[in-house]
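Student: Sequence first, then the predicted structure, then my questions.
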Amino acid sequence: MATQHLIHLLNTDERYPCAEHQNVLRAMESLGRQGIPVGCRSGGCGICKVRIHAGTYMGRKMSRAFVSAAEEACGVVLACRIQPQSEMRLEAIDKLAHCVERTTIRNPSAGHTAQTHTRPITTSTECVS
Ligand code: FES
């Protein structure tokens, strides 16, 4: 069985498993919820930008048209181009943040309803330490 790591999506406080050989976006899609945009899944559209807050990953080459060297130095990457090597904490930013944060999640069996998040979205040009 492939090694799996837990991914914590800070925008919605969701956690999901991701195998080491799987990219983080594909695993995010397996949550089966609305709001995850369907992009190119290969680093060509830039819709899946995330900021890594903690954890290690194996990254594949990313187009500088979507992630500048300065952004990458601040932990900004394309979720479709990284594979986790440890548990990770990440934040969807830019278009992906708009998509995941606008969705209301209802889970009556768990006895709660998560509302749309309203906190400000960090821009991709800021470097948050
Ligand atoms: S889905 Fe297009 S760059 Fe990731």
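Tutor: Cool, got the structure.
Student: Quick check, Glu72 in contact with Met62.
Tutor: Yes: at 7.1 Å, Glu72 counts as touching Met62 under the criterion of CB atoms under 8 Å. Where you see a C-beta, it was placed from the backbone N, CA and C, and this is true even at glycine.
Student: more crowded one of those two?
Tutor: Met62 (20 against 15; other CB atoms under 10 Å).
Student: Please tell me how far the more buried one sits from the ligand.
Tutor: Distance of Met62 to the ligand, given as CB to the nearest ligand atom, to the nearest Å: 8 Å.
Student: likewise Gln4?
Tutor: Counting by CB to the nearest ligand atom, the gap from Gln4 to the ligand is 21 Å.
Student: For the residue nearest to that residue when sequence neighbours are not counted, which residues are in contact?
Tutor: In space, and not counting its chain neighbours, Gln4 is closest to Pro17: 4.5 Å by CB to CB, 6 or more residues apart in numbering. Going by CB atoms under 8 Å, 6 or more residues apart in numbering, Pro17 touches Gln4, His5, Leu6, Ile7, Ala27.
Student: Repeat that for Ser86.
Tutor: His5, Gly55, Thr56, Tyr57.
Student: thinking again about what came up before, give the bridge partners for the residue nearest to Gln4, please.
Tutor: When bridges are called by DSSP bridges, Pro17 pairs up with Leu6.
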